[in-house]
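Engineer: I would like to see how this sequence folds:
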Amino acid sequence: MAFHSHFPIGIFDSGVGGISVLRAIRDQMPEESVIYFGDQGHIPYGPRPMEQIRNFSEAITKFLLERNAKIIGVACNTASAAALKYLREKFPNVQFVGMEPAVKPAAEHTQTGKVGVLATPATFQGALYASVVERFANGVELFQNTCPGLVQQIEQGNLSGGETRQILEDALVPMLEKNIDTVVLGCTHYPFVIPLIQKIVGANVRVIDPAPAVAKQTGRLLEASGMKSMSESRGGVDFYTSGDPAALESMLPVLLDEGGEVERVEWLDDTRIK
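Structural biologist: Model prediction:
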């Protein structure tokens, strides 16, 4: 298929996490239109088998391409770990931007040589993470935590409550005792709790939000392929969810600082969306 500059950017995630990437894209490229797909009917992706996540990702990619997406942001670390390589092989004419934990900038800037990484089990198990660690973490000690339950708290809008704080303290306090000076967020949901993380770790620990770098890379690829929008006005966002549209609609002003209508879609099975 031919892609055009006025076509939208497609973004998907298991839920609201990818809105952290959408927010960065809106900041950097307000003229771009976007289609956002939150697969909330299947959340969380983290504990699921890799093959199932691949099936979901392929079906969502087809859904976005049917709606003329000119580039696809896999705004989910778990889906990137499980499916990014597969998607690039399956759709050779489509440009994909994926998420990888920001181990490289962390390793370059750490003073203590000790870095905390928060991500889902599937991200830690994936070859993508292993390759990033192998390439960039030389001489740096990484402390990992999967923050069980954190994605669900964020999905419910609990960005600063007691349960969310407890999950983060359980993850971060032992890391602080090991003298980390940097925290890498290896899940697109986690930037929404940066204010809480910063409270726990203090001003001397750097917290790396990967979303702005991913937005920048999306812009670079669009520029290089001559597909940046030439529009003078602000682009719109179409939202889709396989979960509860009302729940996602109520979260948008909190997470994105702008509202929007959300359309519900239904899965027929793991590989087909109605």
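Engineer: which SS class is Val117?
Structural biologist: strand (DSSP: H, G, I helix; E, B strand; the rest coil).
Engineer: now it: how far from Gly17?
Structural biologist: From Val117 across to Gly17, the span is 16 Å (C-beta to C-beta, to the nearest Å). For the C-beta atoms, the positions are set from N, CA and C on the backbone; glycine is no exception.
Engineer: do the same with Gly243
Structural biologist: Distance of Gly243 to Gly17, computed by C-beta to C-beta: 13 Å.
Engineer: please apply the same query to Ala107.
Structural biologist: Using C-beta to C-beta, Ala107 is found at 24 Å from Gly17.
Engineer: what about these two, which has more around it?
Structural biologist: Taking other C-beta atoms under 10 Å, Ala107 and Gly17 do not tie; Gly17 has more neighbours (30 against 21).
Engineer: so the more buried one touches Cys187, yeah?
Structural biologist: Yes: the pair Gly17 / Cys187 is scored as a contact, 6.3 Å apart, by C-beta atoms under 8 Å.
Engineer: who touches both of these two?
Structural biologist: Applying C-beta atoms under 8 Å, 6 or more residues apart in numbering, one finds that Gly17 and Cys187 are jointly contacted by Val151.
Engineer: give the burial count for Glu100, as a bare number.
Structural biologist: When neighbours are counted by other C-beta under 10 Å, Glu100 registers 20.
Engineer: my guess is it contacts Tyr129. True?
Structural biologist: Yes: Glu100 lies in contact with Tyr129 (C-beta under 8 Å); the separation is 7.3 Å.
Engineer: and stretch 76-86, how far from the chain's centre?
Structural biologist: When C-alpha coordinates are averaged (C-alpha atoms, centre = their mean, to the nearest Å), stretch 76-86 and its chain have centres 10 Å apart.
Engineer: for the stretch 101-250 of the chain, which segments count as strands?
Structural biologist: Per DSSP state E, counting those that start in this stretch, the stretch 101-250 of the chain has strands spanning 114-119, 141-145, 182-186, 206-208, 237-241. These are given in chain order.
Engineer: quick check: which of those strands is nearest to Glu169?
Structural biologist: Of all the strands of the stretch 101-250 of the chain, strand 141-145 sits nearest to Glu169, with 10.9 Å by C-beta to C-beta.
Engineer: how about low-confidence regions in this protein?
Structural biologist: Residues of the chain meeting the criterion pLDDT under 70: 1-2.
Engineer: and the helices in it, which stretches?
Structural biologist: Applying DSSP state H to the chain gives helices spanning 19-28, 50-66, 77-90, 103-109, 121-125, 127-136, 150-155, 162-177, 194-201, 211-224, 245-256.
Engineer: map the structural domains onto the sequence of the protein.
Structural biologist: Split into domains by automatic domain parsing, the chain comes to 9-99+212-273, 103-209.
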